[in-house]
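J.: quick check, what structure comes out for this input:
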Amino acid sequence: MRSFNAAEQFADLFFPDLPTPVIRQLRAGCSKTVVPRGESVELGNDELGTIVFVVNGAAKLVGHVGADREQIVVFAFAGEQVMLSAPSQDAYALWAITDCELIAIPAGRLIRSAAGDGELVKALFVRALSALERSRATTVMLGRKSAKERLATFLSTMGDRIGRSVGGGVVLALPMSRREIADSLGLTIETVSRQFTELRALGVIETRGRSDVTILAPERLRRLAGFLR
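T.: Got it, this is the predicted structure:
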């Protein structure tokens, strides 16, 4: 992992409409890091944690239970953010799925900057609400949904976040492996492979190789996911 002085991008990319003094304050607390694929992110933790913004690439936040069990808590892509908590009983680590460019800022500094600017408070609040909504959806999915509903939810959500609309479908280049998908959904890799096969048989998706997925019928996929709207 290597760091370099390019934190000026932070405010321009994520909070472009802020007043110059606030931007200056934010830039002063940023550190930008390139993390190669397959490596974890090592960042100093503020007592309130660290907020990491993804400039390029894809990352995963992994929670560890005991010495030999882990759960992928969330995937993060370019333009999104993830919160690294302050040290606690539960261990979390951020890993690069692809080569990543990340910008990190101590949560305490971000909160102090927000205290003096209403627009920054609004921007952070909107981002926090979006993350909360995804967290709630994940809780429902893991607690109540069937294997097919879980994979349909995953693919539909990925389509919204990183998909490309082509005709009436959505094209996806998934950066994560089938095993990582399984870990994030609380399923075995065999179950995930079987559900991919079933969704293909239903004519809802097409796949090419391990990464390329075309959602042929987005609305039908949403119904299979159990979405109400």
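
J.: name the helices or strands packed onto the longest helix along the chain?
T.: Using DSSP state H to define each element, the chain has its longest helix at helix 118-144. Packing partners of helix 118-144 (3 or more C-beta pairs under 8 Å, 6 or more residues apart in numbering; DSSP states H and E): strand 69-77, strand 81-84, helix 107-114, helix 147-162. Placement of C-beta: from N, CA and C, glycine included.

J.: mean pLDDT lowest where, among those?
T.: Of all those, mean pLDDT reaches its minimum on helix 107-114 (a mean of 76).

J.: buried stuff in that helix?
T.: In terms of neighbour count (16 or more other C-beta atoms under 10 Å), helix 107-114 has its buried residues at 107, 109, 110, 113, 114.

J.: kindly indicate which of the residues you listed lies nearest residue 183.
T.: Nearest to residue 183 among those is residue 107, at 26.5 Å by C-beta to C-beta.

J.: which residue is the nearest non-sequential neighbour of that closest one?
T.: Leaving aside its sequence neighbours, residue 107 sits nearest to residue 48 (C-beta to C-beta, 6 or more residues apart in numbering; 4.0 Å).

J.: likewise residue 215?
T.: The spatial neighbour of residue 215 that comes closest, neighbours along the chain excluded (C-beta to C-beta, 6+ apart), is residue 170 at 4.2 Å.
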